[in-house]
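**Q** Show me how the following folds:
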Amino acid sequence: MAEVRFVHALDSRRHALAALASHGLAIRVPSLIAQLNLRGGSDDLVKGFERASLDLPLATSVGTTATAGAWTSLALGPDEWLLVGPEAQKTAVIDGLTAGLQDDHASIVDVSFNRVAIDIGGPNALQLLAALSPLSSAAAAKPACAETLMAKAQVVLQFPGGGADFRVFVRASFAGYLADVIADAAPFLSGGLPADRLAGRSYRRGVASLESSP
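**A** Numbers count the residues shown, from 1 in each chain. Model (predicted):
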């Protein structure tokens with residue numbers, strides 16, 4: 001039987017992204033992260049967590065996050081959460097939640113292979129955020145999350161709060177495009193290029209990259 005090997009969508013761009021440190025960006029591409037989409041009422045989910053004896057967090061308001069141990073929940077909507085944590089614990093968490101929520105109107109879907117994560121930090125991280133998305137640096141002031149666009153690619157952003165670091169979850173099919181946009185924008189972050197011109201330039205570069213890929 002042929003061996004099945006997981007190939008990360010950004011394996012070929014890790015070196016190029018790491019090299020952006022010279023432009024004030026500290027970028028890291030984590031390995032596979034467990035991502036579970038939860039749908040249902042918050043009361044049902046909390047009770048399900050308790051029945052399953054799982055110490056999992058549940059953010060209480062849309063756009064907020066909550067963390068317990070190695071797991072964080074991102075409240076994407078009034079009845080939708082993205083639960084992220086270690087891949088090694090995923091199966092146990094899914095099994096526990098499935099048992100704990102079997103009598104409730106709730107769903108758990110493993111979307112770990114849907115999006116890849118890009119961790120962005122460094123002195124120019126928030127300038128990059130403002131240039132490529134509708135959000136400003138104020139978004140990073142406290143723990144939060146947002147579904148938005150970066151260079152016209154749909155993303156989920158996670159802000160740990162209290163600093164310039166943030167995490168981007170982008171669909172695997174658009175990960176290379178977004179990485180190329182970021183790489184193209186990086187040299188101009190300290191050069192005074194207006195954000196709208198920077199975003200437009202980087203978007204065109206990214207589209208060219210996407211169209212040239214097999």
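
**Q** what's around the closest residue to Phe49 other than its chain neighbours, how many residues?
**A** Spatially, and ignoring its direct neighbours in sequence, Phe49 is nearest to Leu56 (5.0 Å; C-beta to C-beta, 6 or more residues apart in numbering). Placement of C-beta: from N, CA and C, glycine included. Around Leu56 there are 25 other residues, counting by other C-beta atoms under 10 Å.

**Q** again with Ser136
**A** Ser136 has 11 nearby residues by other C-beta under 10 Å.

**Q** In terms of pLDDT, where does it sit?
**A** Predicted confidence (pLDDT) for Ser136: 87.

**Q** Give me the distance between it and Pro143.
**A** Distance, Ser136 to Pro143, by C-beta to C-beta, to the nearest Å: 17 Å.

**Q** If the residue most central in space within the chain is in a bridge, with which residues?
**A** In the chain, the centroid-proximal residue (C-alpha atoms, centre = their mean) is Phe169; its distance is 2.3 Å. Following DSSP bridges, Phe169 is listed with bridge partners Ala117, Val156.

**Q** residues contacting it?
**A** Residues near Phe169 by C-beta atoms under 8 Å, 6 or more residues apart in numbering: Gln35, Leu82, Arg115, Val116, Ala117, Val155, Val156, Leu157, Gln158.

**Q** Kindly provide the distance from the second one to Glu147.
**A** Using C-beta to C-beta, we find Leu82 at a distance of 9 Å from Glu147.

**Q** which one of the two has more residues nearby?
**A** Leu82 (23 against 16).

**Q** list the contacts for the nearest residue to that one once chain neighbours are set aside?
**A** Distances taken as C-beta to C-beta, 6+ apart put Leu74 closest to Leu82, at 4.4 Å, once the chain neighbours are dropped. Going by C-beta under 8 Å, 6+ apart, Leu74 touches Ala59, Thr65, Trp81, Leu82, Leu83, Val84, Cys145, Val156, Gln158.

**Q** Alright, that wraps it up for me.
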